[in-house]
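*Asks:* would you be able to build a 3D model of this:
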Amino acid sequence: MPAAPVRPTRSELAILRVLWERGPLSVREVQTTLNALRPTGYTTVLKLMQIMTEKGLLDRDDGVRPQVYKAKHKQTHTQKHLLRDFIDCAYGGSVKALVMHALSTRKPSAEDVEELEALLERFKDTKDRKEGDV
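*Replies:* Alright, predicted model coming up:
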């Protein structure tokens, strides 16, 4: 049975966001980027990135100096796993409850509504095709 994917902490997600946006970087480059948002120590970022490498969240290129780190998984992959966990924990697995709650928190733009309608149509078309095959 495959091991469950590792879920990054908030601090680890901040590092991953930097790497997803900017690509492979050294610890110093990640720390400088994070430090622009709020004070962050170099040794703290170094230790976190070492732990993230051990956990399988980052890959490290030891063939260059300084060592360069990159995210092991794409942003969408990590987001998908985190969202699945969130839906299961907070909404009892109900996608409908999540969407209804999200839509009740703020009025969606006209563009958002159009995109949601198009997405729902695609799901409906897929369902209709599968039922027609039975």
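
*Asks:* every contact and neighbour count from this point should use C-alpha atoms.
*Replies:* Fine.

*Asks:* the worst-scoring helix or strand of the chain on mean pLDDT: which residues count as buried?
*Replies:* Every helix and strand of the chain was ranked by mean pLDDT, DSSP states H and E. The lowest is helix 110-133, at a mean of 82. Within helix 110-133, no residue counts as buried by 16 or more other CA atoms under 10 Å.

*Asks:* and stretch 82-94, by the same measure?
*Replies:* Buried residues in stretch 82-94, counting neighbours by 16+ other CA under 10 Å, are found at 82, 87.

*Asks:* and the residue positioned nearest the centre of the chain, its phi and psi?
*Replies:* If you average the C-alpha coordinates of the chain and look for the closest C-alpha using CA atoms, centre = their mean, you land on residue 79, 3.0 Å from that point. Backbone dihedrals for residue 79, given as degrees, to the nearest 10, come out at phi -60, psi -40.

*Asks:* quick check: the gap between it and residue 47.
*Replies:* 23 Å (CA to CA, to the nearest Å).

*Asks:* point out where the chain drops to low pLDDT.
*Replies:* For the chain, the stretches with pLDDT under 70 are 1-4, 127-134.

*Asks:* and the helices in it?
*Replies:* In chain order, the chain shows helices spanning 10-22, 27-37, 42-55, 75-91, 95-105, 110-133, with DSSP state H as the criterion.
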